[in-house]
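> dropping a prediction and its sequence here:
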2 protein chains.
Amino acid sequence: MANEHIVKSFDQELEALRRTIVQMGGLAESQLELAIQAVVRRDADLAGRVMRSDEQMDAYENAVDAAVVQILALRQPFAGDLREVVSALRIASDLERIGDYAANIAKRSLALAQVPVVRPVTTLPRMGRMVQQIIKDVLDAYTERDLDKALAAWRQDESVDDLYTSLFRETLTYMMEDPRNITPCTHLLFIAKNIERIGDHATNIAELIHFQLTGKPVKDARPKGDSTSFTVVTPEAKPEDNA
Amino acid sequence: MANEHIVKSFDQELEALRRTIVQMGGLAESQLELAIQAVVRRDADLAGRVMRSDEQMDAYENAVDAAVVQILALRQPFAGDLREVVSALRIASDLERIGDYAANIAKRSLALAQVPVVRPVTTLPRMGRMVQQIIKDVLDAYTERDLDKALAAWRQDESVDDLYTSLFRETLTYMMEDPRNITPCTHLLFIAKNIERIGDHATNIAELIHFQLTGKPVKDARPKGDSTSFTVVTPEAKPEDNA
């Protein structure tokens, strides 16, 4: 009887841990959405809200850390349970980073709102929606313990990288056309990079779910499409070259 | 006797874990140094070396992960030991990210080598040396379990952020002076951002050492000096304004 009680209570602890992860994930997703809206609508109030919710994210992460350490110390889980608990620590850390990047996007929206609108702003929401979908799918995969869903989400990251690369080139040409575009375009480049990084962290979570469910790392090489580190755009290049 | 054997072997496992962390840290430090040399000397071979050593970093991280899961499962550590083992997982993850950023700096050096030299390149090594010093101090603090050293390293990050902010403004003005500077300066901005992020991860490690040694998070607010997200530079601004 006492033993049953312990077992049941361990399940409850795991369940509480999962719930916190899912709450963190929901917050991360909405932070990204609102941050991009703050950029597009030049809405400083919205930006402030995203920047403030970063504290909530930190609180969630601390709660996960504490719960994991407690479970490890008192429950001494093994095999799948141990992998789940260790993965939770990592997933929380990825979600917290996603929140940080969203807060940084919100911050940059304040600088962007002080200068004229530049065209690449219209591509950002598309990139944002792609990444939001990955976060959503990864969270579903986590909740449903669905390996195929996790791998499908993992593969989507390549399209994000492609879009980022073309946005990068396009933005550079705008900077070359008019020096007044340089400040807004620089912030846009960093915003786009932040969204791309958020995609990477979501992909990371998919890999952690794979490890949690199978005990093995994802076999295929991680999709890596961001080639902008190699990109050189010369002032003669036209935006049409970037298709 | 059997019990003593088990205790001794656990110590050996912890010792091996620490050694791997220190090796990772040494590699991270040298990757950063070589990556910046690759930028300054326009040395593609060196860049290639840094990019390749990223695999070694991943291998180290996998070794740490496996060792941690094994220790948790078989040794069921508690209190300080448990904190050390869980921190090792996190420290390895921060060091692996530092390696990623160094590899990205090396990649960008290849793009930079194709275009004329721009002046802010000379500030980068200074920023790099500051961050290298933080990594070195943090690793010393880890090896010596020295709380004061960890906190001292943690505080240094603010100067890195200040230097990054002034480099950011300076680079933007160079972009405005001549459109041919835009591509190299964009890569420089991302390189500087990478160095700044490396500093953040080193700071993270200092926080983890604090947690490991005391069981408590660092109380003071984390030093956060990167204000470039708010920065607007107009084409009229002169480099002299950025001092």
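Looks like it came in fine.
> and the closest residue to A:Y101 other than its chain neighbours, what does it touch?
In space, and not counting its chain neighbours, A:Y101 is closest to A:N194: 4.3 Å by C-beta to C-beta, 6 or more residues apart in numbering or on different chains. C-beta coordinates here come from the backbone N, C-alpha and C atoms, glycine included. By C-beta atoms under 8 Å, 6 or more residues apart in numbering or on different chains, the residues touching A:N194 are A:Y101, A:A102, A:N104, A:I105.
> which of these sits closest to chain B?
A:N104 (5.8 Å; C-beta to the nearest C-beta).
> kindly tell me how buried that closest one is, as a neighbour count.
When counting by other C-beta atoms under 10 Å in any protein chain shown, one arrives at 21 neighbours for A:N104.
> A:P125 against A:A38, yeah?
No - counting by C-beta atoms under 8 Å, A:P125 does not reach A:A38; the two are 11.5 Å apart.
> so between the two, which is more surrounded?
The residue with more neighbours, out of A:P125 and A:A38, is A:A38; 27 against 16, by other C-beta under 10 Å.
> element containing that one?
For A:A38, the host element (DSSP states H and E) is helix A:2-41.
> now for that helix, which elements pack on it?
Packing contacts for helix A:2-41, counted by 3 or more C-beta pairs under 8 Å, 6 or more residues apart in numbering or on different chains; DSSP states H and E, involve helix A:44-75, helix A:79-112, helix A:123-144, helix A:182-214.
> got the contact list for stretch A:78-91?
So stretch A:78-91 is in contact with A:14, A:17-18, A:21, A:64-65, A:67-68, A:71-72, A:75, A:77, A:142, A:204-205, A:208-209, A:211-212, A:215, B:68-69, B:72-73, B:86, B:89-90, B:93, going by C-beta under 8 Å, 6+ apart.
> from those, keep the buried residues only.
A:14, A:17, A:21, A:64-65, A:67-68, A:71-72, A:75, A:77, A:142, A:204-205, A:208-209, A:211-212, B:68-69, B:72-73, B:86, B:89-90, B:93 (16 or more other C-beta atoms under 10 Å in any protein chain shown).
> next one: the least confident helix or strand in chain A by mean pLDDT to chain centre, how far?
Counting by mean pLDDT, DSSP states H and E, chain A has its least confident helix or strand at helix A:2-41, which shows a mean of 88. Put simply, helix A:2-41 sits 15 Å off its chain's centre (C-alpha atoms, centre = their mean, to the nearest Å).
> taking helix A:182-214 as reference, get the angle to that helix.
160 degrees (axes from the mean of the first three to the mean of the last three C-alpha atoms, to 10 degrees).
> list the buried residues for helix A:2-41?
In helix A:2-41, counting by 16+ other C-beta under 10 Å, buried: A:10, A:13-14, A:17, A:20-21, A:24-25, A:27-29, A:31-40.
> ok, stretch A:97-117 next?
A:97-113, A:115.
> just want the angle from the least confident helix or strand of chain A to helix A:79-112.
In terms of direction (the same axes, to 10 degrees), helix A:2-41 departs from helix A:79-112 by 20 degrees.
> any idea of the angle helix A:2-41 forms with helix A:123-144?
170 degrees.
> A:L163 and A:L124 touch, don't they?
No - using C-beta under 8 Å, A:L163 is not in contact with A:L124; the gap is 9.8 Å.
> low-confidence stretches in chain A?
Scanning chain A with the threshold set as pLDDT under 70 gives A:1-8, A:220-225, A:236-243.
> swap in 90 and give it another go.
A:1-10, A:54, A:65-66, A:69-70, A:72-79, A:111-123, A:157-158, A:215-243 (pLDDT under 90).
> quick check: the residue nearest in space to the middle of it vs chain B, distance?
Centroid-nearest residue in chain A: A:I198, 2.9 Å away (criterion: C-alpha atoms, centre = their mean). As defined by C-beta to the nearest C-beta, to the nearest Å, A:I198 lies at a distance of 14 Å from chain B.
> before we move on, what about A:A67?
Distance from A:A67 to chain B, by C-beta to the nearest C-beta: 12 Å.
> run through the residues that contact the closest residue to that residue other than its chain neighbours.
Nearest non-adjacent residue to A:A67, counting by C-beta to C-beta, 6+ apart: A:L17, 5.1 Å away. Residues near A:L17 by C-beta under 8 Å, 6+ apart: A:V64, A:A67, A:V68, A:I71, A:V85, A:A88.
> what does A:I205 give?
Counting by C-beta under 8 Å, 6+ apart, A:I205 has contacts A:I91, A:D94, A:L95, A:V138, A:Y142.
> out of the residues you listed, which comes closest to chain B?
Using C-beta to the nearest C-beta, those come closest to chain B at A:D94, 9.7 Å.
> list the contacts of stretch A:130-137.
A:25, A:28-29, A:32-33, A:98, A:149, A:152-153, A:156-157, A:159-160, A:163, A:195, A:198-199, A:202-203.
> let's see it at 6 Å
Contacts to stretch A:130-137, defined as C-beta atoms under 6 Å, 6 or more residues apart in numbering or on different chains, come from residues A:E29, A:L32, A:E33, A:A153, A:Q156, A:V160, A:I195, A:I198, A:G199, A:A202.
> could those residues go into TSV alongside distance to B:M175?
Shown next, in TSV, are the contacts of stretch A:130-137 (distance: C-beta to C-beta, whole Å):
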residue	distance to B:M175
A:E29	34
A:L32	28
A:E33	31
A:A153	37
A:Q156	33
A:V160	26
A:I195	22
A:I198	26
A:G199	27
A:A202	32
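> nearest to B:R52, of those?
A:G199 (24.7 Å; C-beta to C-beta).
> that closest one touches A:Q156, doesn't it?
No - applying C-beta atoms under 6 Å, one finds A:G199 not in contact with A:Q156, separated by 8.2 Å.
> looking at those two, which one has more neighbours?
Counting neighbours by other C-beta under 10 Å for A:G199 and for A:Q156 shows that A:G199 has the greater number, 29 against 19.
> list the contacts of that one.
Contacts of A:G199 (C-beta under 6 Å, 6+ apart): A:V131, A:I134, A:D157, A:V160.
> ok, the first one to A:D157 distance?
For A:V131, the distance to A:D157 under the criterion C-beta to C-beta, to the nearest Å works out to 9 Å.
> what does chain A put close to chain B?
Within chain A, the positions adjacent to chain B are A:72-73, A:76, A:78, A:82, A:104, A:107-108, A:111, A:114, A:175-176, A:179-180, A:182-183, A:229-230, A:232-233, A:235 by C-beta under 6 Å from any C-beta of the partner chain.
> and the strand or helix carrying A:K149, which residues are buried?
Assessed by DSSP H and E, A:K149 sits inside helix A:147-177. Neighbour-count burial for helix A:147-177 flags A:149-151, A:153-154, A:156-161, A:163-165, A:167-176 (criterion: 16+ other C-beta under 10 Å).
> what is it packed up against?
helix A:123-144, helix A:182-214 (3 or more C-beta pairs under 6 Å, 6 or more residues apart in numbering or on different chains; DSSP states H and E).
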